[in-house]
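Chemist: what follows is a predicted structure for the sequence shown.
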Amino acid sequence: MTKDQFPPALLDWLRTSKHLAILTGAGVSQESGIPTFRDALSGFWSRFDPMQLATPEAFDADPSLVWGWYEWRRSQVLECQPNAAHRAIAELAVQVQRLTLITQNVDGLHERAGSPDVLCLHGSLHRPYCRACGEPHRLPQRDASRPPKGQPMPPPACASCGDHIRPGVVWFGEVLPADIWTASEKAAGSCDLLMSVGTSSLVYPAAALPRIAHRKGAKLVQINPEPTSLDPLADVNLRGTAAQLLPHLLRAAWPG
């Protein structure tokens, strides 16, 4: 793609933006081969409903079962690499005056691509913490030759209080981290351009962020292979995957 294939106004908005906010969803990581809940349910895990594993009640009932599943998922994520979309977003942060990156993904690929200070709405597979006192837990360096076997495994004990360490993701029935949500709302309300990338715009409260930006007068751009409920609000809808479009958009706005 060339700059002639993007609306000239879009390129101007990018170049002149004083605060660009980007909201990403599962579509951004899909091309890295990140497995979904259903994809991960093979072998031992095929007998379980993932919705029943991703709740506080499931962890209380069987900590080893839930911890083992999340460690299995984390091992799969660590086998994947950031793709062209993750790298393009990291490069955009260098080009624009200010960029706030908000993601619904828990895989850590934005960070591995070089994006700093990512607002992770749904937490991270790589940041477990104590379920009782909230103390962060440092995971040991993974031995690539001995990945988890996909079976229950006891969670570590908290070094501060001795209770179970839990996965660092937001489970069904839990609220989003208050500080992360507040920062995300603030970014949506103060940006002059918001890009919604690879998200279905169906999962709330994350889906409210583009609408907040729109109400505040920001330009709204959507990158997604399929139409979503955000289409009527967006100033520009780009059809295609994030890994296909974002690198070309970056080069079109800043050639050479």
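Modeler: Cool, the structure landed.

Chemist: where do the strands sit along the stretch 101-250 of the chain?
Modeler: Counting by DSSP state E, counting those that start in this stretch, the stretch 101-250 of the chain has strands at residues 119-120, 129-130, 165-166, 193-197, 219-224, 236-239.

Chemist: is it possible to get CSV of those that adds distance to Arg47, mean neighbour count and mean pLDDT?
Modeler: The C-beta positions use only the backbone N, C-alpha and C, and glycine is treated the same way. Listed next are those as CSV, based on distance: least, CB to CB, whole Å; neighbours: other CB atoms under 10 Å; pLDDT from 0 to 100:
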stretch, distance to Arg47, mean neighbour count, mean pLDDT
strand 119-120, 30, 22, 98
strand 129-130, 28, 18, 98
strand 165-166, 22, 24, 98
strand 193-197, 35, 27, 98
strand 219-224, 34, 23, 98
strand 236-239, 39, 17, 97
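
Chemist: how about stretch 13-31: buried residues?
Modeler: Neighbour-count burial for stretch 13-31 flags 13-14, 17, 19-31 (criterion: 16 or more other CB atoms under 10 Å).

Chemist: by mean pLDDT, flag the weakest helix or strand of this protein.
Modeler: Sorting the helices and strands of the chain by mean pLDDT, DSSP states H and E puts helix 37-40 at the bottom, at a mean of 55.

Chemist: what element comes up after that one heading to the C-terminus?
Modeler: As assigned by DSSP states H and E, the chain's next helix or strand after helix 37-40 is helix 50-53.

Chemist: could you check how far the helix or strand that that following helix is followed by is from the centre of its chain?
Modeler: The helix or strand immediately downstream of helix 50-53 is helix 56-61, counting by DSSP H and E. The chain centroid and the centroid of helix 56-61 are separated by 24 Å under CA atoms, centre = their mean, to the nearest Å.

Chemist: out of the buried residues of stretch 13-31, list just those in helices.
Modeler: Taking DSSP state H as the definition of helices, those contribute 13-14, 26-30.

Chemist: and of these, the nearest to Asp49?
Modeler: Ala26 (19.3 Å; CB to CB).

Chemist: so which residues of the chain form helices?
Modeler: 8-16, 26-30, 37-40, 50-53, 56-61, 63-78, 84-95, 109-113, 178-190, 208-215, 242-253.

Chemist: what residues does the first one touch?
Modeler: Right, the one you point to is helix 8-16. Residues outside helix 8-16 that contact it (CB atoms under 8 Å, 6 or more residues apart in numbering): 3, 20, 92, 95-96, 192-193, 219, 221, 235-236, 249, 252-254.

Chemist: shaky segments in this structure?
Modeler: For the chain, the stretches flagged by pLDDT under 70 are 1-4, 36-46, 142-149.

Chemist: do you know how far the most centrally placed residue in it is from Ser115?
Modeler: Nearest to the mean C-alpha position of the chain, by CA atoms, centre = their mean, lies Asn105 at 2.2 Å. The gap separating Asn105 from Ser115 is 12 Å, by CB to CB, to the nearest Å.
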